[in-house]
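# here's a sequence, model it:
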Amino acid sequence: MDFSLFYFADDGEAEGDRYRLLMEGARFADEHGLTAVWTPERHFHRFGGLFPNPSVTAAAVAAVTSRVQVRAGSVVLPLHHPVRVAEEWAVVDNLSHGRAGVALASGWNPRDFLFGPDAYADRRERTVAAVETLRRLWRGEPFDAEPECRIYPPPVQAEIPLWLTSSGNPGTFETAGRVGAGVLTNLLTQSMETLAENVAAYRRAYAGSGRDGRGHVVLMLHTCLGEDRESVERLVREPLRRYLMSALDLNLRSAGPSAGEGTAAGRPSAQERARAWARTTFAPAAVDAAYRRYLTSDGLFGAVSDVLPVVERVREAGVDEIACLIDFGVPADAALSGLARLDELCAVAGGSTAQRSVEGSRR
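Below is the predicted model:
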């Protein structure tokens, strides 16, 4: 089992050096043989608000590391022209001397599509089609029928490592297998049992694609390790609840028009009333249920001995790499101190060395 670091910070409480945890965590990952550092693309909300462009944060990570893989988790492909994506990540690949990797997401929040309003309806088709486009551009081939349209600088890696991001849709797993991409996923809307079924379907599709290997599945898990579960729970109780409430708020805000919602008389619209009702009626219960689930079975919280059963369940589900999300509101010093325990977990659970990390990411 490989381990990496995943970032998705809520910027609502951020003060001072907003990127300290990212940069110091990246240095730790580099020095201790973790597989990768993943940063996302998020827009227009404090949930994930530190990361509007993963190529920018990846470039910063590349500059302070020398071995760890530097990956997007994820580029929301329909918001961008694929040539632009290829160009930006070719730069990251050069800055990192061949350590770049990109997960592609189709997007889900209508507000994000300010950048490409016409791309929302067929966003999934655009994302899948971009896989081969990016591969051709990465190899130095021209874009479509434009013989002079090649990307610069030429990338260092011969092939671009690609993943498709899925929250649990079986079709996305199978599509990733057919096109020979990896999968980046989470347990937000799927159980561990469903994940195992999805991974099995992915492996079958990958085998049927005629490509060598078996693909690569990465699972994001919220992570905070410490001396024991009780002390960790005291540390994460309020930050994790705030983080989950912020995530729920983002989902509620996406469920309606982004502008002009109020009535002519200034009264709340139906969408606004529905969201207000949802926040007061089921939000606390939903957050509490998610909190207990992450704390006990779907996250890495507690001492190393506490989380080993979770790691084993993930391994049995067929996952290749656990991407540890560490920046959900826990103070930076506490999150960074927990990385020493993550190093212990890697040793116990078969974490890769830096050299294996580089080789494994290119499977």
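
# report the distance from the one helix or strand residue 313 maps to to the chain centre.
Assigned by DSSP states H and E, residue 313 belongs to helix 304-316. Offset of helix 304-316 from its chain centre (CA atoms, centre = their mean, to the nearest Å): 20 Å.

# what sits up against it?
Around helix 304-316, the neighbours that count as contacts under CB atoms under 8 Å, 6 or more residues apart in numbering are 1, 192, 196, 219, 221, 225, 228-229, 297-301, 322, 341, 344-345, 348-349. Quick note: C-beta positions are derived from backbone N, CA and C, even for glycine.

# likewise stretch 61-70?
4, 22-23, 26-27, 29-30, 33-37, 39, 58, 92, 95-97, 99-101, 161, 354, 357-358, 361.

# of the residues you listed, just the buried ones, ChimeraX syntax please.
Selecting only the buried entries of the contacts of stretch 61-70 in ChimeraX, with 16 or more other CB atoms under 10 Å as the criterion:
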select :4,22,23,26,27,29,30,33,34,35,36,37,39,58,92,95,96,99,100,101,161,354,357,358,361
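
# can you tell me which of the contacts of stretch 61-70 are in strands?
Secondary structure of the contacts of stretch 61-70 is defined by DSSP state E; positions in strands are 4, 36-37, 39, 100-101.

# any idea which of these is closest to residue 132?
When the ones in strands among the contacts of stretch 61-70 are ranked by distance to residue 132 (CB to CB), residue 101 comes first, at 16.9 Å.

# can you pull out the strands in the stretch 1-150 of the chain?
2-6, 36-39, 69-76, 100-105 (DSSP state E, counting those that start in this stretch).

# from residue 205, how far out is the closest residue to residue 346 other than its chain neighbours?
Leaving aside its sequence neighbours, residue 346 sits nearest to residue 3 (CB to CB, 6 or more residues apart in numbering; 5.1 Å). Distance, residue 3 to residue 205, by CB to CB, to the nearest Å: 26 Å.

# equivalent analysis for residue 6, please.
Residue 6 is 25 Å from residue 205, by CB to CB.

# more neighbours, the two?
residue 6 (26 against 18; other CB atoms under 10 Å).

# residue 161 versus the closest residue to residue 211 other than its chain neighbours, what's the distance?
Nearest residue to residue 211 in three dimensions, chain neighbours excluded: residue 180, at 4.6 Å (CB to CB, 6+ apart). Distance, residue 180 to residue 161, using CB to CB: 11 Å.

# could I get the full set of helices for the stretch 251-363 of the chain?
According to DSSP state H, counting those that start in this stretch, the stretch 251-363 of the chain carries its helices in the segments 270-281, 283-296, 304-316, 332-337, 339-349, 354-361.

# contacts for the fourth one?
Under the contact criterion CB under 8 Å, 6+ apart, helix 332-337 has outside partners 20-21, 24-25, 28, 224, 235, 326-327.

# now it: how far from the chain's centre is it?
20 Å.

# now that helix: buried residues?
In helix 332-337, counting by 16+ other CB under 10 Å, buried: 332, 335-336.

# that older thread, among the contacts of helix 332-337, the buried ones, what's the PyMOL command?
Provided next is the PyMOL selection string for whichever of these are buried by 16+ other CB under 10 Å:
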select buried, resi 21+24+25+28+224+235+326+327
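
# dump the contacts of helix 332-337 to TSV, plus pLDDT and distance to residue 200.
Output for these, formatted as TSV (pLDDT from 0 to 100; distance: CB to CB, whole Å):
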residue	pLDDT	distance to residue 200
20	93	40
21	94	35
24	97	38
25	97	32
28	98	34
224	96	30
235	95	36
326	95	29
327	90	31
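
# out of the contacts of helix 332-337, which comes closest to residue 124?
Out of those, the member with the shortest distance to residue 124 (by CB to CB) is residue 327, at 28.4 Å.

# the closest residue to that closest one other than its chain neighbours: how many residues sit nearby?
Using CB to CB, 6+ apart and skipping the chain neighbours, the partner closest in space to residue 327 is residue 9 (4.3 Å). By the criterion of other CB under 10 Å, residue 9 has 26 neighbours.

# now residue 9: how far from residue 185?
Per CB to CB, residue 9 is found 20 Å from residue 185.

# quick check: residue 185 touching residue 165?
Yes - under the criterion of CB atoms under 8 Å, residue 185 makes contact with residue 165 at 7.2 Å.

# neighbour count for the two, which is higher?
Each of residue 185 and residue 165 has its neighbours counted (other CB under 10 Å); residue 185 has more, 29 against 26.

# list the contacts of the more buried one.
Residues counted as contacts of residue 185 (CB under 8 Å, 6+ apart) are 165-168, 173, 195, 198, 217-220.

# now residue 22. Nearest residue, chain neighbours left out?
residue 7 (5.6 Å).

# report the helix or strand with the lowest average pLDDT across the chain.
Lowest mean confidence among the helices and strands of the chain (mean pLDDT, DSSP states H and E): helix 354-361, at a mean of 37.
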